[in-house]
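A.B. asks: return a 3D structure for these sequence lines:
(one chain, ligands or ions: 1)
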Amino acid sequence: MWLTEADPGASARRDVLANGGAICDAKRMVPDTHTPPASLRELLHFYADAGADEALAEEAPNRFVEKTPQRIPPLRGEMPDRTERGAVPPDSQGSEAGKAIQDRRSTASPSPPGISRTNGEVSRPRHAAAIPDGAQVARARELAREARTLDELRQQLAAFDGCNLKFTAKNLVFADGNAEADLMLVGEAPGRDEDIEGLPFVGRSGQLLNRMLAAIGRDRQSAYIANVIPWRPPGNRTPTPIETEICRPFIERQIELVAPKVLVTLGNPSTKTLLNTQVGIMRIRGNWQEHRTAGGLAIPAMPTLHPAYLLRNPAAKKLAWRDFLEIKARLAN
Ligand code: URA
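C.D. replies: The predicted structure is shown next:
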């Protein structure tokens, strides 16, 4: 957190942060220290939605006294006036020149403090993220198809740079539980806690999911858990349709490799993506569906309510309970 006591607006903003949970460079980004708390709250929510939700340092750096960054001498054929500003121009990202710039950036300068990897799975970009488009969807399909084991699939995902969400996430959140289990559950995307730990459903929703599993005699040793999107979207925003399409081949291959007896889709986005339906979760939940893998395997699937929804709407737990009893009965057959 970059607030300091010398900043007269600091304690107000700290209150806002404590209430709203958002953390960002408030001192630098809010020059008017007399802004009323309500506006600050809105501003901080805006930052949080934009992904600025983490502490980078205890104090705000004074950008005015920072040293000018060292220039990287241009490669032959580069356009120095456009590249030295810091961003690879969008129109050169796919070109050889763009790649050369990106490659050199990734090797020429060390990672700045504070953004090195915790477990080496996600490399923070020293280059611009790929443009999410149909070409990345096609690449994702090819890579996912090539993976013969879950380990290979995980490696493919860890090396894949076609989804921009990777570049704002701390960790790849691949899966948790037992890949041999006959029950697989798939959520939407990791949240903050999952991003930090690199494991799905470890936050409050995850704790509720554990209790739901326990209610049918299961735990993380007898179930396999993953998400449609394996990287946390910044600020927990909704993944875009193209991000979902880019990630879809990987989760579909993951399901195919696990080949569970029963697949459970948790919540609307996972249900719509994996069951190819537009029917809303409140209507479709509790009704057996089928997930068909690329290889033609038909897996019985039960759409049910997302634990995060149940935390907000505890009265709906009875519906999820019914769905879980269905799942238990199906697994017992
Ligand atoms: N919500 C999800 O959909 N997935 C998680 O891993 C955590 C929360």
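A.B. asks: flag every buried residue along stretch 292-301.
C.D. replies: By neighbour count on 16 or more other C-beta atoms under 10 Å, the buried set for stretch 292-301 is 299, 300, 301. C-beta: built from backbone N, CA, C; applies to glycine.
A.B. asks: which one of these is nearest the ligand?
C.D. replies: residue 301 (16.2 Å; C-beta to the nearest ligand atom).
A.B. asks: check which helix or strand covers that closest one.
C.D. replies: Following DSSP states H and E, one finds residue 301 within strand 298-304.
A.B. asks: so which elements touch that strand?
C.D. replies: In terms of contacts (3 or more C-beta pairs under 8 Å, 6 or more residues apart in numbering; DSSP states H and E), strand 298-304 is packed against strand 262-266, strand 289-292, helix 317-332.
A.B. asks: do that again at 10 Å, thanks
C.D. replies: On a contact count with 3 or more C-beta pairs under 10 Å, 6 or more residues apart in numbering; DSSP states H and E, strand 298-304 meets strand 183-187, helix 241-258, strand 262-266, helix 268-274, helix 281-284, strand 289-292, helix 317-332.
A.B. asks: next one, pLDDT for the residue in the stretch 151-300 of the chain that the ligand sits nearest to please.
C.D. replies: Of all residues in the stretch 151-300 of the chain, the one sitting closest to the ligand is residue 187 (2.8 Å; C-beta to the nearest ligand atom). Residue 187 carries a pLDDT score of 98 in this model.
A.B. asks: next, the contact list for it, please.
C.D. replies: For residue 187, the contact set (C-beta atoms under 10 Å, 6 or more residues apart in numbering) comprises 173, 194, 200-201, 205-206, 209, 225-229, 264-267, 269-270, 306-308.
A.B. asks: 8 Å instead?
C.D. replies: Going by C-beta atoms under 8 Å, 6 or more residues apart in numbering, residue 187 touches 200, 201, 205, 225, 226, 227, 228, 266, 267, 270, 306.
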